[in-house]
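Student: Sequence plus the predicted model coming up.
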Amino acid sequence: MYINRQSIEGKGVVCQGILVSESQIKRRYTDFTEIEGLKIMDSNLKYGDITEKIIGCAYEVHKFLGNGFQEVIYQRALALEFTDAKLDFAREVEQPIFYKGYKEEIGTRGADFVVAGKVLVELKVITQLEDVHLAQILNYLKAYKFEVGLLINFGSKSMIFKRVVL
């Protein structure tokens with residue numbers, strides 16, 4: 001479950017009017033804080049409302065399917081979750097690739113998902129994400145001229161995601 005973090009007070013984190021003490025905080029991440037089973041999203045993130053929904057949908061898919069399927073199965077299930085969440089998305093859309101400041105495209109590549117015309121989502125089904133996968137989504141963001149991307153891996157026991165911002 002994700003709850004937007006509204007502010008940080010000297011004594012804890014205020015979540016929808018509830019003060020949670022610092023001792024209850026289990027871990028702090030770049031884009032969320034885990035508090036005794038709850039993950040509190042940082043509402044100041046660029047397109048944080050969209051990425052929060054995408055991550056929630058991905059968790060639903062992984063909770064039901066687990067790991068071990070081909071990527072296309074997760075793509076199809078995630079598309080159904082996006083529809084249920086009323087997210088505007090396109091799947092396997094050919095995106096033009098640009099070089100430097102040139103206006104002419106140098107090729108195309110199909111992104112797994114583009115959500116709300118703002119967030120690029122790349123899926124993986126591997127046991128462990130590596131630096132090369134992070135480099136791949138960074139390159140896609142630059143080439144497609146997007147600012148925010150999510151790299152989601154369904155291949156491990158727990159679903160893993162990386163939020164990338166240019």
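Tutor: Thanks, I have it. Residues are numbered from 1 along each chain as shown.

Student: so Ala111 sits right up against Glu122, yeah?
Tutor: Yes. Counting by Cβ atoms under 8 Å, Ala111 does reach Glu122; the two are 6.8 Å apart. In this view, the C-beta of every residue, glycine as well, is placed from N, C-alpha and C.

Student: Mind listing the shared neighbours of these two?
Tutor: The overlap between the contact sets of Ala111 and Glu122 (Cβ atoms under 8 Å, 6 or more residues apart in numbering) consists of Tyr140.

Student: the more surrounded of these two?
Tutor: Neighbour count, other Cβ atoms under 10 Å: between Ala111 and Glu122, Ala111 has more, with 23 against 20.

Student: next one: phi and psi at that one?
Tutor: Taking degrees, to the nearest 10, you get phi -70, psi 150 for the backbone angles of Ala111.

Student: Quick check: beta-bridge partners of it?
Tutor: Legend: beta-bridge partners of Ala111 under DSSP bridges are Val93.

Student: Look up how far Ile97 lies from it.
Tutor: For Ala111, the distance to Ile97 equals 11 Å [Cβ to Cβ, to the nearest Å].

Student: what do the two both touch?
Tutor: Taking Cβ under 8 Å, 6+ apart as the contact rule, Ala111 and Ile97 both touch Tyr144.

Student: Give the buried residues for the helix or strand containing Gln95.
Tutor: Assigned by DSSP states H and E, Gln95 belongs to strand 89-98. Neighbour-count burial for strand 89-98 flags Phe89, Arg91, Gln95, Ile97, Phe98 (criterion: 16 or more other Cβ atoms under 10 Å).

Student: and that strand, average pLDDT?
Tutor: For strand 89-98, mean pLDDT is 86.

Student: which secondary structure elements does that strand contact?
Tutor: Applying 3 or more Cβ pairs under 8 Å, 6 or more residues apart in numbering; DSSP states H and E, one finds that strand 89-98 makes contact with helix 71-84, strand 105-115, helix 131-144.

Student: hmm, who's touching the last one?
Tutor: Contacts with helix 131-144, where a contact means Cβ under 8 Å, 6+ apart, come from 95-99, 109, 111, 120, 122, 124, 126, 146-149, 151, 153, 162, 164, 166.

Student: Report the buried residues of it.
Tutor: His133, Ile137, Tyr140, Leu141, Ala143, Tyr144.

Student: same deal with the second one?
Tutor: Neighbour-count burial for strand 105-115, with 16+ other Cβ under 10 Å as criterion, is recorded at Ala111, Asp112, Phe113, Val114, Val115.

Student: Alright, calling it a day.
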